[in-house]
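>>> Task: produce atomic coordinates for the following.
(one chain, ligands or ions: 2)
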Amino acid sequence: MCILRINIKESTMLVLGIESSCDETGLALYSEHDGLIAHLVNSQIDLFTEYGGVIPEIAARDHSVKIIEILKTLLDKTGKNLNDISLIAYTAGPGLIGSLMVGETVAKTISEVLKIELLPINHLEGHILTPGLEKDGLKPPYLCLLVSGGHTQIIRCDDYGDYEIIGETVDDACGEAFDKVGKLLNLEYPGGPKVSKLAEKGDKNKFSFPRAMMKDKNLNFSFSGLKTAVLYALEDLSEGDYPDVAASFQEAVIEVLTTKLSWAVEETGIKKLVCSGGVASNQLLRDRLKALAEEQDLQLSYPSMEFCTDNAAMIAYAGYIRKKLKLKTYQTNFARPRWPLGELYD
Ligand code: KG4
Ligand code: ZN
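Ligands and ions are numbered 1, 2, ... in the order given. Have a look, this model is predicted:
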């Protein structure tokens, strides 16, 4: 009798993440054993500079042109092939419908042809879970301040899959307000980084712009009045005043964000904070949150910039967490432009 030794390759989960909810095409591979293997993002920002904002049809078309090329590069670079993948996690919403449908169609096609499990992921859950992509990243429970061109929310994350929005904007997102003010100041889209750069040369106390909804420790935000106040102020000003306008506007936004986050800490008793989204790269916001954390003995985590802005690594990771923890998953046959966190489950 002979004894055969067979090295059975342990089957580990390898997740393909796909993100295409707005103007970034992202593909990622996340492995149960090795964590994030690679992720690639193509930003469409340059396409929209001349328009001053995202044009949904152009965004969808660009996803469609680039997504397969990016997938091939991802597989080439990592030496993997589609048959190695055990789960496809893709952003099913919220976002621009045309853009979402490109990612969803690619995900569904690979899943159908190769019989790979498919998991629709809520884009917001991806952002909330980004700390998990970092070594020693914070684990729930924590509060997540999500600040981007599309979102301004304070989310209470009690556990994986257990989220509650405890504050959000009732009109413009704060990144959108930065971009609109950027336009008023003749800065190129996206205006956020340029407004904050211009603000470095300005006096933040020169103009007193409104801080909305600051009564009764209300955790919601409103930025449209602030943008209008800037518009009216500019009527009597010249270009020489723009740095002061930028600094005073930025001060108003950051003051509101940090104040409301401190109220959220007070209300929930949760002493761990995560700040994510494109506006999280704003240096003044970072400095103020750091000061708040030191003052109130809070743990503060900023995912690195590559994970703050839209990317597929966070989508792959959210898929991995949902599968690993056997969380109930949402069943859908279609992308959802509107998908509130409160409707995460069927
Ligand atoms: O998360 P993100 O890359 O894309 C989505 O909105 O989905 O965020 C982009 C937003 C834009 O509104 C941009 O102007 C803003 O983040 N942003 C900033 C800064 N860097 C990017 N806003 C203020 N200060 C910055 N340094
Ligand atoms: Zn996003």
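
>>> How about Asn311: what's its closest non-neighbour residue?
Nearest non-adjacent residue to Asn311, counting by CB to CB, 6 or more residues apart in numbering: Gly26, 4.7 Å away. C-beta: built from backbone N, CA, C; applies to glycine.

>>> Do I have it right that that neighbour meets Leu16?
No: contact criterion CB atoms under 8 Å: Gly26 and Leu16 do not qualify, at 11.1 Å.

>>> Does Glu69 lie in a helix or a strand, and which?
Taking DSSP states H and E as the criterion, Glu69 maps to helix 56-78.

>>> Following the chain onward from that helix, which element is next?
Criterion used, DSSP H and E; the element after helix 56-78 is strand 87-93.

>>> from the middle of its chain, how far away would that following strand be?
Mean C-alpha position of strand 87-93 versus that of the full chain (CA atoms, centre = their mean, to the nearest Å) differs by 15 Å.

>>> who does that strand pair up with?
strand 14-19 (parallel), strand 117-122 (parallel) (DSSP bridges).

>>> helices or strands up against the lengthiest helix in the chain?
Ranked by residue count and defined by DSSP state H, the top helix of the chain is helix 242-268. The contact analysis (3 or more CB pairs under 8 Å, 6 or more residues apart in numbering; DSSP states H and E) places helix 242-268 against strand 142-147, strand 152-159, strand 162-168, helix 174-184, helix 191-199, helix 224-234, helix 283-296.

>>> Got the confidence number for Tyr345?
Listed pLDDT for Tyr345 reads 83.

>>> got a list of what it touches?
328, 330 (CB atoms under 8 Å, 6 or more residues apart in numbering).

>>> just Ala199 next, same as before
Counted by CB under 8 Å, 6+ apart, Ala199 has contacts 243, 246-247, 249-250, 284.

>>> Which pLDDT does the model give it?
At Ala199, pLDDT is 98.

>>> Mind checking what helix or strand follows the helix or strand of the chain with the lowest mean pLDDT in sequence?
Lowest by mean pLDDT, DSSP states H and E among the helices and strands of the chain is helix 305-308, with a mean of 92. Beyond helix 305-308 on the C-terminal side, the first helix or strand identified by DSSP H and E is helix 313-324.

>>> which of the contacts of Ala199 tops the neighbour count?
Phe249 (30 neighbours; other CB atoms under 10 Å).

>>> In this structure it contacts Ser196, no?
No: assessed by CB under 8 Å, Phe249 is found out of contact with Ser196, at 9.9 Å.

>>> Return the residues in contact with Thr332.
Taking CB under 8 Å, 6+ apart as the test, what Thr332 contacts is 92, 120.

>>> hmm, stretch 284-298 touching ligand 1?
No: under the criterion of CB under 6 Å from any ligand atom, ligand 1 is not reached by stretch 284-298; the shortest gap measures 7.3 Å.

>>> For that stretch, which residues meet the burial criterion?
284-285, 288-289, 292-293, 298 (16 or more other CB atoms under 10 Å).

>>> can you list the domains in the protein?
14-129+308-343, 139-302 (automatic domain parsing).

>>> Could you list the residues in contact with the host helix or strand of Asp46?
According to DSSP H and E, Asp46 maps onto helix 45-48. Residues from elsewhere that reach helix 45-48 (CB under 8 Å, 6+ apart): 23, 54-55, 58-59, 62, 189-190.

>>> please redo it, this time with the cut-off set to 6 Å
With contact meaning CB atoms under 6 Å, 6 or more residues apart in numbering, helix 45-48 is reached by Val54.

>>> hmm, it in reach of ligand 1?
No: figure legend: helix 45-48 not in contact with ligand 1 (CB under 6 Å from any ligand atom); closest approach 8.7 Å.

>>> For that helix, which residues meet the burial criterion?
So helix 45-48, judged by 16+ other CB under 10 Å, has buried residues Phe48.

>>> One more: stretch 79-94?
Here stretch 79-94 shows 80, 85-94 as buried, counting by 16+ other CB under 10 Å.
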